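1. below are the sequence and a predicted model; questions follow.
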Amino acid sequence: MSLFSAVEMAPRDPILGLNEQFATDTNPNKVNLGVGVYFDENGKLPLLQAVQKAEAALQAEPKARGYLPIDGLLAYDQAVKELVFGKDSEPVTSGRVATVQALGGTGGLKVGADFLKKLLPQAKVLISDPSWENHRAIFQNAGFEVGTYRYYDAAQRGIDFEGLLADLQAAPEGTIVVLHACCHNPTGYDLTPEQWDRVVQAVQARKLTPFLDMAYQGFSQGLAEDGAVVGKFVQSGLTFLVSTSFSKSFSLYGERVGALSVVAANKDEAARVLSQLKIAIRTNYSNPPTHGAAVVAYVLGKPELRALWEQELGQMRTRIKAMRQKLVEGLKAAGVQQDLSYITTQVGMFSYSGLSKAQMERLRNEFGVYGVDSGRICVAALNEHNIGHVCESIAKVM
Ligand code: PMP
């Protein structure tokens, strides 16, 4: 008998499992709208000019690859702080933000979860209903019990804001609330600035622990606009956590560039928090990799490259918006009668199409159009070449 004979086969990751099925599909018209990745107008994963220029500059003066400090590349951590909070913002100038480099946004969430588990061992975690699948798993694996707060209102095609607020108001003190800072995944519905104000008030009144997940900064309105939510939490005087991902905004998925920032009450507290974050990192993977962080720090630190990056990010954002519009027009042209305005109301990479699991299965099996069973499709994977087939296929199952 082998030691491992009792090991059960874990279920496949629902989205990565779709990729595997897609890869073996022989339909010549197949389209992958499952995974949350931005593809350009030719269906290719972009390698941004800003990234290429930074890599060329770094390559011109090759450096040996020693270990980075546990909390990562100093210039990178500083650049993240300035991007997320603003260079001259009070939390940054007063030194009360602890920022660590992390393995993507996922790594930022996990380091934050491990840190919080020690600090608030009894706390529960609330994530939105629905949320990115990995939110629940990350916090459960860190030892937390995970519940949900109301978010999507299928009947109204929007946010059940009163339900959300009621759930926050009913949460016990200390409860960790994971909030999507912008471009809610999977629904594409974001809170309005006024609604955010009320969320901040509820979090403050109930003494909850906010954890902002910022995986798509720049994909809704723009870098500053999408980051404004962070400013609201700062202004309220709250202490909170923010995870950052550059996977999408730099198209650096495989480099695992992310961060965790913890806004403490003062500089001394931030130093103690940082020391604990380092323990979480040290006992997980010791220290982070060099390349991705060096590239991002280089781009953010050179004004001309930063401007180029912002321009390229703007192009991605604009192309997604254009595809939303084309999706509406294409569905109408294919005979769909119902109101489709929700497609252009939603923001970010995804559209929550409202299609059922059975409809999504038909899309896959009969037409080679792959979306997630929840009805989520990635608008950022649409282009002029595949949108016709996608619209005709969706129209047929609607
Ligand atoms: N949070 C959300 C809401 C996401 O959608 C994602 C990526 N799909 C992440 C975090 C993780 O990003 P990363 O790939 O950088 O780990």
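-> Cool, the structure landed.
2. in which helix or strand would I find Ile377?
-> strand 376-378 (DSSP states H and E).
3. any residues touching that strand, and which ones?
-> 33-37, 186, 349-353, 371 (CB atoms under 8 Å, 6 or more residues apart in numbering). Quick note: C-beta positions are derived from backbone N, CA and C, even for glycine.
4. pull up the pairing partners for it, direction included.
-> strand 350-352 (antiparallel) (DSSP bridges).
5. and the strand it pairs with, anywhere near the ligand?
-> No. Strand 350-352 stays clear of the ligand (CB under 6 Å from any ligand atom), getting no nearer than 8.7 Å.
6. what mean pLDDT does that strand have?
-> Averaging pLDDT along strand 350-352 yields 94.
7. and that strand, how far out from the chain middle?
-> Centroid separation between strand 350-352 and its chain, computed with CA atoms, centre = their mean, to the nearest Å, is 14 Å.
8. any idea which helix or strand comes after that strand?
-> helix 357-367.
9. from the contact counts, what lies against the very next helix or strand once past that next one?
-> Once helix 357-367 ends, the next helix or strand along the chain (criterion: DSSP H and E) is strand 369-370. In this structure, strand 369-370 packs against helix 14-24, strand 31-32, helix 357-367, helix 387-397, with contacts taken as 3 or more CB pairs under 8 Å, 6 or more residues apart in numbering; DSSP states H and E.
10. the ligand contacts on this protein?
-> Checking the chain against the ligand by CB under 6 Å from any ligand atom, the hits are 36, 104-106, 132, 180, 185, 213, 215, 245, 247, 258.
11. sorry, back to before: now distance to Val200 too, for the contacts of strand 376-378, in CSV please.
-> Below are those laid out as CSV (distance: CB to CB, whole Å):
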residue, distance to Val200
Leu33, 34
Gly34, 34
Val35, 32
Gly36, 27
Val37, 32
Pro186, 24
Met349, 26
Phe350, 25
Ser351, 28
Tyr352, 25
Ser353, 31
Gly371, 34
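12. now, which of those residues sits nearest the ligand?
-> Gly36 (4.5 Å; CB to the nearest ligand atom).
13. pLDDT at Ala18, what is it?
-> One thing to correct before we go on: residue 18 is Leu, not Ala. 89.
14. in three-state terms, label the residue lying closest to it once chain neighbours are set aside for me.
-> Nearest residue to Leu18 in three dimensions, chain neighbours excluded: Gly34, at 4.0 Å (CB to CB, 6 or more residues apart in numbering). The three-state label given to Gly34 by DSSP: H, G, I helix; E, B strand; the rest coil is coil.
15. from Asp160, how far out is the residue in the chain that the ligand sits nearest to?
-> Distance from the ligand to each residue of the chain (CB to the nearest ligand atom) is smallest for Gly104, at 2.8 Å. Separation of Gly104 from Asp160 (CB to CB, to the nearest Å): 30 Å.
16. and the strands in this structure?
-> 31-32, 97-103, 124-129, 145-150, 152-153, 158-159, 176-180, 209-214, 240-245, 257-263, 350-352, 369-370, 376-378 (DSSP state E).
17. using a markdown table, lay out these together with mean neighbour count.
-> Output for the strands of the chain, formatted as a markdown table (neighbours: other CB atoms under 10 Å):
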| stretch | mean neighbour count |
| --- | --- |
| strand 31-32 | 23 |
| strand 97-103 | 27 |
| strand 124-129 | 22 |
| strand 145-150 | 16 |
| strand 152-153 | 19 |
| strand 158-159 | 18 |
| strand 176-180 | 25 |
| strand 209-214 | 24 |
| strand 240-245 | 26 |
| strand 257-263 | 29 |
| strand 350-352 | 25 |
| strand 369-370 | 25 |
| strand 376-378 | 26 |
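18. need those strands in CSV with distance to Lys53, can you?
-> Below are the strands of the chain laid out as CSV (distance: least, CB to CB, whole Å):
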stretch, distance to Lys53
strand 31-32, 29
strand 97-103, 22
strand 124-129, 38
strand 145-150, 42
strand 152-153, 40
strand 158-159, 40
strand 176-180, 31
strand 209-214, 25
strand 240-245, 22
strand 257-263, 17
strand 350-352, 30
strand 369-370, 34
strand 376-378, 28
